[in-house]
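Engineer: Predicted structure and sequence below. I'll ask about it afterward.
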Amino acid sequence: MFLALSINAAERVRPALEIGSVPENELGKDVNGNQVHISDHLGKVVIVSFWASWCGPCRQELPLLAGVAKKVGPEHLEIIAINYKDESKPFRYVVDVLKDYPITMVRDANSRAAKKYKVEGIPRMIMIGRDGKVAADHTGYGESAIPEIVDELNKLLAAKTPET
């Protein structure tokens, strides 16, 4: 399956998380107050995206990721969008705009998740394979990185679910 994304962003920086490592499990609470854990989605590809309403590239990326999630389906892909350093009102607005998409929205008001994931810039996208390990980590990516990101996502989606 081929997926296409188109975003603009700043220059890329080195990954903060080691590829193949197991990421921090606890991400905070979703808009319904439920605790969000990476381990709840073992067997799926998980994209953790840190974003903010004041970040232009993030505003472009979120609807695209939500569309990808809708196309691929919740049985194969989980998008967890973590709001970074934003006020409640802009966060709620984005939640309302994307309410019909299969995307888990988390507000990281105290930057707990951001600290665990060593967020120093946004947009930040961490791809986690079906095995629960970090497969890719991108910060400050632009349009030139899109082919690589799409290729990584397609490979992760094509991978078989690990035996449990």
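Structural biologist: Good, I have the coordinates. Numbering: from 1, shown residues only.

Engineer: And for stretch 18-35, what's in contact with it?
Structural biologist: Applying Cβ atoms under 8 Å, 6 or more residues apart in numbering, the external contacts of stretch 18-35 come out as 17, 36-39, 48, 80, 82, 95, 104-108, 112-113, 116-117, 126, 128, 132-137. C-beta: built from backbone N, CA, C; applies to glycine.

Engineer: what does the strand or helix carrying V46 contact?
Structural biologist: Taking DSSP states H and E as the criterion, V46 maps to strand 45-51. For strand 45-51, the surrounding residues in contact (Cβ under 8 Å, 6+ apart) are 23, 27, 38, 58-59, 61-62, 65, 76-84, 108, 113-114, 117, 119, 122-130, 153, 156-157.

Engineer: OK, contacts around the nearest residue to D86 once chain neighbours are set aside?
Structural biologist: Excluding the flanking residues, the one nearest D86 by Cβ to Cβ, 6 or more residues apart in numbering is A52, at 4.7 Å. By Cβ under 8 Å, 6+ apart, A52 lies in contact with 58, 83-86, 90, 122.

Engineer: How confident was the prediction at A52?
Structural biologist: Per-residue confidence (pLDDT) for A52: 92.

Engineer: hey, which helix is longest across the chain?
Structural biologist: Counting residues, the longest helix found in the chain (DSSP state H) is helix 56-72.

Engineer: For the protein, which segments count as strands?
Structural biologist: In the chain, the strands defined using DSSP state E lie at 26-29, 35-37, 45-51, 77-84, 103-108, 124-128, 134-139.

Engineer: Now, of the contacts of A52, which are buried?
Structural biologist: Those of the contacts of A52 that meet the buried threshold are 58, 83-84, 86, 122, by 16 or more other Cβ atoms under 10 Å.

Engineer: that older thread, send me the longest helix of the chain as PDB with only the CA atoms.
Structural biologist: Below are the C-alpha coordinates for helix 56-72, written out as PDB (Å, rounded to 0.1, in the frame of the first residue of the first chain):
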ATOM      1  CA  GLY A  56       2.600  25.700  10.700                       C
ATOM      2  CA  PRO A  57       4.000  22.300   9.600                       C
ATOM      3  CA  CYS A  58       2.100  20.600  12.400                       C
ATOM      4  CA  ARG A  59      -1.200  22.100  11.200                       C
ATOM      5  CA  GLN A  60      -0.500  20.600   7.800                       C
ATOM      6  CA  GLU A  61       0.700  17.300   9.100                       C
ATOM      7  CA  LEU A  62      -2.100  16.400  11.600                       C
ATOM      8  CA  PRO A  63      -5.000  16.200   9.000                       C
ATOM      9  CA  LEU A  64      -2.700  14.200   6.700                       C
ATOM     10  CA  LEU A  65      -1.900  11.700   9.400                       C
ATOM     11  CA  ALA A  66      -5.500  11.500  10.400                       C
ATOM     12  CA  GLY A  67      -6.400  10.800   6.700                       C
ATOM     13  CA  VAL A  68      -3.700   8.100   6.500                       C
ATOM     14  CA  ALA A  69      -5.100   6.500   9.700                       C
ATOM     15  CA  LYS A  70      -8.600   6.500   8.200                       C
ATOM     16  CA  LYS A  71      -7.400   5.000   5.000                       C
ATOM     17  CA  VAL A  72      -5.200   2.300   6.600                       C
END
